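In: this one's structure only:
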């Protein structure tokens, strides 16, 4: 993917969430590459699976980019989701989908819930110990997504082709030196 500029109004929009610096999105990014992780709704077993996959990658790879999660719940709902397994996570609450829309995170059609690949992914996630966390928190049709950003540029992105697709963490560009 060629770099895409992030609209300055998006960078200057205020954020609320957990473990964030006071101020707009721009202040959350810092100077090194940051992976923006857009989760599905917080009740989704796939959101828990993505969180676990990404947290494991961070622990095993010192070159992994800094993380900033986005979720569709309130700050409190995000705190409840992250606290048990990733208390250090920085996360932006985006219940109105402002950032999801700004980064072009798509919404699936209801028919995509019937896709056999989604059902197979649900079986995979369940076998790996993930389960539905209650009612959907946010829009249950929003897809997840990853965006590697540096300064005002998106340098890499990934949106799975279906709702249960896993993040392609090995494809994320890494710096040449640590």
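Out: Noted; the coordinates are in hand. Just so it is clear, the structure is predicted and the values come from calculations on it, not from any experiment.
In: Output the lowest mean pLDDT helix or strand found in the protein.
Out: When each helix and strand of the chain is scored by mean pLDDT, DSSP states H and E, helix 116-127 comes last, with a mean of 72.
In: For that helix, name the packing helices and strands.
Out: When contacts are defined as 3 or more Cβ pairs under 8 Å, 6 or more residues apart in numbering; DSSP states H and E, helix 116-127 packs onto helix 45-60. The way it works is simple: take the backbone N, C-alpha and C, and place the C-beta from them, glycine included.
In: Check which element follows the helix it packs on along the chain.
Out: Using DSSP states H and E, the next helix or strand after helix 45-60 towards the C-terminus is strand 66-71.
In: Please identify the buried residues of whatever helix or strand comes next after that next one?
Out: Elements were assigned by DSSP H and E; along the chain past strand 66-71, the next helix or strand is helix 75-82. The neighbour-count check on helix 75-82 (16 or more other Cβ atoms under 10 Å) flags 75, 77, 78, 79, 81, 82 as buried.
In: immediately after the least confident helix or strand of the chain, which helix or strand?
Out: strand 145-150.
In: Following that next one in sequence, what is the next regular element?
Out: Later in the chain than strand 145-150, the nearest helix or strand by DSSP H and E is strand 153-158.
In: List of residues touching that next one?
Out: Residues outside strand 153-158 that contact it (Cβ atoms under 8 Å, 6 or more residues apart in numbering) are 1, 3-6, 33, 103, 145-149, 167-168, 171-173.
In: Give me the buried subset of those residues.
Out: Burial by neighbour count, 16+ other Cβ under 10 Å: within these this picks out 6, 33, 103, 145, 146, 147, 148, 149, 167, 172.
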